[in-house]
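> need a structure here:
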Amino acid sequence: MHCKKCGKSISGEEKFCRHCGAPVETNESKENSTDVYGKTNDIIRCGECGYEGTPESARNPLFTALAWLCILFAPLITIIYFVGTDKYKCPKCQSTFLGIKNKDGKFSVGQKSAKNKPVIILVGVLVTIAIIGILSSIVLASLNTAREKAKSAQIAEKGWVTYHSVADKFSVLLPDYPKLDSKTGIDSGMEGITTSWHSFQTEVGGNTYFIYKYMYSEELNITGNEDKLLESYLNTMINSVAGNQLISSNYTYHSTNRALDFQIKNKDEYIKGRIIVVGQEQYLLMEDYPISNYSDADYNKFINSFIPD
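Residues are numbered from 1 along each chain as shown. Next comes the predicted model:
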């Protein structure tokens, strides 16, 4: 037999190893040996060097901890790690074992020689790369969430901004400075007349605020026809996107200018806004939001702050 500590050959009748002085375990004691915590120790029977006794763990504690962590969000990684890596290794020749017992109750099945270590290392590297990739994705997602929260907190701290457009003759309160866009030469449906628009857009915390200014290439006879113009524009906007459903609409005034309030639903998104006729020009103000994000105070702050010059 061999000493479980140094692995050298000793007589079965010796009580202490003559090479290192460690206590010698008999076959009976090996079958029922216990550690300081009272747990039964596993026994391996190495086919490479003949060692029979308590094995060493073949798994890196750090990788094992990471593999168990993956069970919460990627259980397949945990399974790959424990199936693809060996459980024990021989303390003498470093051969590894899968952790399957033979008919005698000793671990000897699926033994791999230490010469196969490059294969074991490759499996460990692949599992480690997968674990690092998943953990990196979690960290990146957490950082993006933190950035969004920090941005929202910064805006909340400094308050909304008053945006002035000299060219388009209006001012309005917004949660952040908007991005600008424009388009010209749009068919108005009226012979020889085209429309153009300028847009102002800002997004904060999943809610998007829009301001559009619409202009005609020729002067129209709008006086007395404001309600028809507002209704026509609302219908055009509803029909422009598949799935839009009108929830409510009602005529009102914005200061002294005729206006039309509306609310539209499209799946889980809502659009609430106001169309305002100011002379020959129209302004569209609206907020696009998921229902869980809606704030009546923020919407009214946005709508009621709009001042056409």
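> Can you give me the domain assignment for this structure?
1-41, 57-135, 160-308 (automatic domain parsing).
> Nearest to Gly47, out of those?
Closest of the domains of the chain to Gly47 is domain 57-135, at 5.5 Å (criterion: CB to CB). Just so you know, the C-beta spots here come from the backbone N, C-alpha and C atoms, and that holds for glycine as well.
> before we move on, back to that, now the domains of the chain in CSV, with mean pLDDT, distance to Ser142 and mean neighbour count?
Converted to CSV, the domains of the chain look like this (pLDDT from 0 to 100; distance: least, CB to CB, whole Å; neighbours: other CB atoms under 10 Å):
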stretch, mean pLDDT, distance to Ser142, mean neighbour count
domain 1-41, 60, 37, 13
domain 57-135, 72, 11, 15
domain 160-308, 92, 17, 15
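> Can you say which of those domains is nearest to Ala141?
Closest among those, once you apply CB to CB, is domain 57-135, at 10.8 Å.
> element containing Gly133, please.
helix 117-158 (DSSP states H and E).
> So which of the domains of the chain is nearest Asn144?
Among the domains of the chain, if distance is taken as CB to CB, the winner is domain 160-308, at 13.2 Å.
> Dump the domains of the chain to a markdown table, plus distance to Ala141.
Compiled in a markdown table, those are given as follows (distance: least, CB to CB, whole Å):
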| stretch | distance to Ala141 |
| --- | --- |
| domain 1-41 | 39 |
| domain 57-135 | 11 |
| domain 160-308 | 16 |
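> mind checking which of the ones you listed is nearest Cys49?
Using CB to CB, the domains of the chain put domain 57-135 closest to Cys49, at 4.1 Å.
> Could you look up the SS state of the closest residue to His254 other than its chain neighbours?
Among residues not flanking His254 along the chain, Ile276 sits closest, at 4.8 Å (CB to CB, 6 or more residues apart in numbering). Following DSSP: H, G, I helix; E, B strand; the rest coil, the label given to Ile276 is strand.
> contacting residues around Ile276?
His254, Asn257, Arg258, Ala259, Gln282, Tyr283, Leu284, Leu285, Phe306, Pro308 (CB atoms under 8 Å, 6 or more residues apart in numbering).
> at 7 Å instead, please
Ile276 makes contacts with His254, Asn257, Ala259, Gln282, Tyr283, as judged by CB atoms under 7 Å, 6 or more residues apart in numbering.
> Helices along the stretch 201-309 of the chain, start to end?
226-239, 296-304 (DSSP state H, counting those that start in this stretch).
> Show residues contacting the first one.
Put plainly, it is helix 226-239. Contacts for helix 226-239 (CB under 7 Å, 6+ apart): Ile222, Asn244, Leu246, Ser249, Tyr251, Arg258, Leu260, Phe262, Ile264, Ile275, Val277, Gln282.
> Test my guess that the first one contacts Val278.
Which is Ile222. No. Counting by CB atoms under 7 Å, Ile222 sits too far from Val278 to count as a contact (9.9 Å).
> my read: Cys49 touches Gln94, true?
No. Cys49 is beyond contact range of Gln94, at 9.4 Å (criterion: CB under 7 Å).
> Roughly how far does the nearest residue to Tyr251 once chain neighbours are set aside sit from Glu226?
Ranked by CB to CB, 6+ apart and with sequence neighbours excluded, the top spatial neighbour of Tyr251 is Leu260, at 5.6 Å. Separation of Leu260 from Glu226 (CB to CB, to the nearest Å): 9 Å.
> repeat for Gly206
34 Å.
> now do Ala167
24 Å.
> can you confirm Ala67 is in a helix?
Yes. The assignment for Ala67 by three-state DSSP puts it in a helix.
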